[in-house]
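Peer 1: Just to be clear, the model below is a prediction. Sequence and coordinates:
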Amino acid sequence: MRVIHLNREILRLAVPNILSNIAIPLLGMVDTAMMGHLNSEIYIGAVALGSIIFNFVYWGFGFLRMGTTGLTAQAFGRSDRRECAAILGRGAVVAVVGGLLLIVLQVAIAAAAFALIPGEADVESWARRYFYIRIYAAPATLLLYAIHGWFLGMQNARYPLVLTVLATGANIGFNVLFVLGFGMKSDGVALGTVCAQYLGLAAGVALLVRRYRPWLRRLDWKRVFRLDALQTFFRVNIDIFIRTICLIFSFAFFTSASAAMDSLILAANQILLQYLSLMAYGVDGFAFAAESLVGRLTGAGRPDLLRRAVRRLFGWGLGVGAIFSLAYLFFGDELLRVFTDQPDILATAAPYLHWMIWLPPIGAVAYMWDGVYIGATATRPMRNMMLVATLLVFLPAYYLAEPSLGNDALWLAMLLFMAARGLSLSLLAPRWIFPVTAPSA
């Protein structure tokens, strides 16, 4: 595969993922704008509080997308149609069971969530209404995770983009209908999300049948529930789940430690974290491409192409990180004023802008290796290195540096957290990624 063809393949997979990532925050912006034009600020707070809970719940189920991508891509690389269909079946079963469990356990989840993230009485009341409506979208949401992952494993990044744009557009439309048309409040936003998720699921099933009918005919439910395959499926996904929980914990700790300092530091840090999120939208497009392409080449047993592909993927990912780094170097102050016009917050955030210059390239290495390891289903070392980075680097770095550095200690800990992940996975790559047959996850 020539370099120009390899670059074209990477861009074919990455660009739709980048566009999908860009579409996601649009929905939150529209929801906030609609709630902001109602007659009370409690509705904005209710949607924000409810959304935080679902973000944590669904982020924990991210393994359904990532694990399905890596396993499917390897089966695709082996041209094993029966196993590709079986992986979709396994993902669908786990998604349905997980979604139904979330509905069954909704009261317990709500009790725990609102105890951990309390709000004012009126805000919490509307947030609970939001939660108890939106929870019924859980089976559709988790099934869409599995379908998105399967499409990416099948080297098809266009269909996930279509589904993301369709679901986001439908969600905005339903929200406008329920809030502006029927006079509902934050509960209308929740109902709009439920309707949009099931519409997206219907579209996902239609695309599956339209494009992959011959593959789906190979679906054998006995193969879906084969013990050895289920063990591999759950081993990979449990590793990814643990890795994701560590990531959630790290960012939650960052927010909690910020709040413990004072409200201005909390506000400034939350705005500065958006710089990291913006960079992730771009780099993750290439990380998702790595999941698809590395999985395919690993499954096909092509170590020569695999090495070249990883080098090219890192070239693109680091290039995007460098662009963001330069943008923050020259326009960091201007971007800060886009997020807030409050003088106190601006003055508090400005001294920490220099961290935004270093985080993008270092973070890009960590994100890209995550994509590579997921594609190779080498999830055990990825899990272990995430545990090391969280427990032995991030937390100690913060507690050791905080007495003398204050808020800078948090950003230093975040930088070292990213660096530890990237460096450790780089050192382990010769063993876990590049052999013709990668070690079992």
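Peer 2: Arrived safely.
Peer 1: confidence score at residue 1?
Peer 2: Turning to residue 1, the model gives it a pLDDT of 53.
Peer 1: I meant residue 217, not that one.
Peer 2: For residue 217, pLDDT reads 92.
Peer 1: Can you name the residues that contact it?
Peer 2: When contacts are counted by CB atoms under 8 Å, 6 or more residues apart in numbering, residue 217 touches residue 85. No exception for glycine: its C-beta is placed from N, CA and C like everyone else's.
Peer 1: Against residue 75, how distant is it?
Peer 2: Residue 217 sits 16 Å away from residue 75, going by CB to CB, to the nearest Å.
Peer 1: What of residue 232?
Peer 2: Using CB to CB, we find residue 232 at a distance of 11 Å from residue 75.
Peer 1: repeat for residue 137
Peer 2: On the measure of CB to CB, residue 137 and residue 75 end up 29 Å apart.
Peer 1: who's more crowded, the two?
Peer 2: Set side by side, residue 137 and residue 75 show more neighbours around residue 137, with 25 against 22, by other CB atoms under 10 Å.
Peer 1: If I look at that one, what pLDDT would I see?
Peer 2: Per-residue confidence at residue 137 stands at 96 (pLDDT).
Peer 1: In this structure it contacts residue 191, no?
Peer 2: No. Counting by CB atoms under 8 Å, residue 137 stays clear of residue 191, with 9.5 Å between them.
Peer 1: Leaving out the residues flanking it, which one is nearest to residue 182?
Peer 2: Of all residues not flanking residue 182 in the chain, residue 188 sits nearest, at 6.6 Å (CB to CB, 6 or more residues apart in numbering).
Peer 1: Residue 122 too?
Peer 2: Residue 122's closest residue in space is residue 42 (CB to CB, 6+ apart), at 4.7 Å.
Peer 1: so that neighbour makes contact with residue 124?
Peer 2: No. Using CB under 8 Å, residue 42 is not in contact with residue 124; the gap is 9.4 Å.
Peer 1: and residue 106, what does it touch?
Peer 2: 131-132, 135.
Peer 1: Also residue 118?
Peer 2: With contacts defined as CB under 8 Å, 6+ apart, residue 118 is in contact with residue 124.
Peer 1: and it, helix, strand or coil?
Peer 2: Three-state assignment for residue 118 (DSSP: H, G, I helix; E, B strand; the rest coil): coil.
Peer 1: what's the offset of stretch 194-209 from the middle of its chain?
Peer 2: 20 Å (CA atoms, centre = their mean, to the nearest Å).
Peer 1: For the one helix or strand residue 73 maps to, give the mean pLDDT please.
Peer 2: Per DSSP states H and E: residue 73 is located in helix 63-77. On average, the pLDDT along helix 63-77 is 96.
Peer 1: what pLDDT does residue 25 get?
Peer 2: Residue 25 is assigned 65 on the pLDDT scale.
Peer 1: ugh, wrong one, I meant residue 60
Peer 2: Here, the pLDDT recorded for residue 60 equals 85.
Peer 1: Just give the closest residue to it, not the sequence neighbours.
Peer 2: Spatially, and ignoring its direct neighbours in sequence, residue 60 is nearest to residue 244 (6.1 Å; CB to CB, 6+ apart).
Peer 1: for residue 271, same thing?
Peer 2: residue 339 (4.6 Å).
Peer 1: got it, and residue 382?
Peer 2: Here the residue nearest residue 382, using CB to CB, 6+ apart, is residue 373, at 4.2 Å.
Peer 1: Does the one you found lie in a helix or a strand, and which?
Peer 2: helix 355-375.
Peer 1: Just the CA trace of that helix, in CSV.
Peer 2: In CSV, the C-alpha atoms belonging to helix 355-375 read as follows (Å, rounded to 0.1, in the frame of the first residue of the first chain):
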residue,chain,number,x,y,z
TRP,A,355,-0.7,24.7,30.0
MET,A,356,-2.9,24.7,27.0
ILE,A,357,0.2,25.0,24.7
TRP,A,358,1.7,21.8,26.1
LEU,A,359,-1.3,19.6,26.6
PRO,A,360,-2.4,19.1,22.9
PRO,A,361,0.7,17.3,21.5
ILE,A,362,1.2,15.3,24.7
GLY,A,363,-2.5,14.4,24.9
ALA,A,364,-2.5,13.5,21.2
VAL,A,365,0.1,10.8,21.8
ALA,A,366,-2.1,9.2,24.6
TYR,A,367,-5.3,9.4,22.5
MET,A,368,-3.6,7.9,19.4
TRP,A,369,-2.1,5.0,21.4
ASP,A,370,-5.6,4.3,22.9
GLY,A,371,-6.9,4.0,19.3
VAL,A,372,-4.1,1.7,18.3
TYR,A,373,-4.4,-0.6,21.3
ILE,A,374,-8.2,-0.8,21.0
GLY,A,375,-7.8,-1.8,17.3
